[in-house]
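[1] give me a model of this one.
(2 chains)
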Amino acid sequence: MQETMERPKTSVAEVPVNKDKGKLKKVLIICSKGKLEDVYAALVMANGALMEGLEAKMFFTFFGLEAITKKHADNLHTATVGNPAFMPGMPTMVAGLPGFEAFASYMMKKEMDKLDIPHVTEFIQMIEAGGGEIYACKLAADMFHLKKEDFVDEVKGIITVGDMYALAEGEGTQIIFI
Amino acid sequence: METLTLNRTAVAVNAEGYLTDMNQWTPELAKEMAAEVNIELTPKHFEVLNWLREKQREGVQLSIRKLGNSGIVDIKTFYQLFPGGPLKISSKLAGIPKPASCV
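    Predicted coordinates:
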C-alpha cells in the first residue's frame, strides 16, 4: 500500500488579524481569588491591555481582595495543597507541612524577579500609572471588615456589583473573570 | 520585506512597520514616523528613543518597567508621551524590533 499521508504543514507564527473589525477597546478584569498565580494572571492581563493601548479596569472581590490590601498584597502565596499541577508527584502530606507553602511561594517569587515581574504593589502602581482603574467589591469588603484605608492607595473605590457593570459599558468591552 | 519611503529615503521595514535594520534609523525618520501617529517628538521623546536604542544594542529585553526605572521618564509620563501602546509605539519610532515583553 502506498503511503499517501502528507506531512502536516508547519504553521508559521503570524500576528492574528481580526477580520470582523469588532475591535477590543476595553477589558474589565474581575479577580476573585487570592492565590499568587491567579492575582498575577489578573495583573498581567490588565497591564498587558494598557500596553496595547486598551482601557483596563480591575474589580477585586472575595479572596481577591487580599491582593489589594496594604497588609497582604506583597505576601500572597501559591497553594501547594489541592494543586495537582504544583510539583507533580509531591505527596499532599509533604506539601502541607508547616512552612512548605511559604517556601514554595518564596521560590516562585524569586523566579518572577528574574523575569523582571514586579511585586504586586509595584504592579498595581504600574497599572494606575498606565491609566488603569482598580476597585474593590463592597459586599466582600463588608464581609471581611475591610475599609478604604486597609487597601493600597491606588484603589479608586469600593463599589457595588451594579457599579462594576457600569465600568464595562461601551462597545468593544470584554469581561474576564478569574 | 517591505520598504517605507519617507523623505525620499527608503528604509526596510517588516509587515508591521518596524525597521528591520536599526542602523537605517535617523532622528528625521523618527519625526516623520511619529507624525503619522500624530505625535510631535520633543527632546524628551528623543531621550526615550535613544535610551531604547542603547539598551537594544546592549541586548537588554525591554519592558515598561525597565523604562520606568531608567530615570528618564516615569511610567505615567511614558504613557502620555506615546499614547496608545507606549512600548510598541516608542520601539517602532526608535527603529528597533517590536518588544516581546508581557510586562
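
[2] how many neighbouring residues does residue 55 have?
    Let's take chain A. Residue A:55 is flanked by 18 other residues according to other CB atoms under 10 Å in any protein chain shown. Bear in mind the C-beta positions are built from the backbone N, C-alpha and C, glycine included.

[3] wait, chain B
    Applying other CB under 10 Å, we find 17 residues neighbouring residue B:55.

[4] is it true that residue B:101 touches residue B:61?
    Yes - if you go by CB atoms under 8 Å, residue B:101 and residue B:61 touch, sitting 6.2 Å apart.

[5] in contact with residue A:42, which residues?
    For residue A:42, the contact set (CB atoms under 8 Å, 6 or more residues apart in numbering or on different chains) comprises A:29, A:31, A:58, A:64, A:67, A:176, A:178.

[6] what phi and what psi does the backbone show at the residue nearest to the fourth one when sequence neighbours are not counted?
    Counting by CB to CB, 6 or more residues apart in numbering or on different chains, residue A:64 lies nearest to residue A:31, which is 3.9 Å off, once chain neighbours are set aside. Torsion angles at residue A:31 (phi, psi; degrees, to the nearest 10) stand at phi -110, psi 110.

[7] can you check the one 10 residues further on too?
    The phi and psi torsions at residue A:41 (degrees, to the nearest 10) take the values phi -60, psi -40.

[8] and for it, the neighbour number?
    Burial measure for residue A:41: 16 neighbouring residues, criterion other CB under 10 Å.

[9] now do the contacts for the closest residue to it other than its chain neighbours.
    Of all residues not flanking residue A:41 in the chain, residue A:178 sits nearest, at 5.7 Å (CB to CB, 6+ apart). By CB under 8 Å, 6+ apart, the contact set of residue A:178 is A:29, A:30, A:31, A:32, A:33, A:38, A:41, A:42, A:64.

[10] quick one: classify residue B:97 as helix, strand or coil.
    Look at residue B:97: counting by DSSP: H, G, I helix; E, B strand; the rest coil, its state is coil.

[11] mind listing what it touches?
    B:18, B:56, B:91.

[12] which bits of chain B sit near chain A?
    Within chain B, the positions near chain A by CB under 8 Å from any CB of the partner chain are B:15-16, B:61, B:63-66, B:68, B:74-76, B:79, B:83-88, B:102-103.

[13] which among those end up buried?
    Listed as buried from those are B:63, B:64, B:65, B:66, B:68, B:75, B:79, B:85, B:86, B:87, B:88, B:103; burial here means 16 or more other CB atoms under 10 Å in any protein chain shown.

[14] tell me which helix or strand the fourth one sits in.
    What it means is residue B:66. Using DSSP states H and E, residue B:66 sits within helix B:64-68.

[15] pull the distance from the next helix or strand after that helix to the chain's centre.
    Remark: after helix B:64-68, the chain's next helix or strand is helix B:75-81, criterion DSSP H and E. Chain-centre distance of helix B:75-81: 14 Å, with CA atoms, centre = their mean, to the nearest Å.

[16] check which helices and strands helix B:75-81 is in contact with.
    On a contact count with 3 or more CB pairs under 8 Å, 6 or more residues apart in numbering or on different chains; DSSP states H and E, helix B:75-81 meets helix A:120-129, helix B:43-58, helix B:64-68, helix B:86-93.

[17] all set now, cheers.
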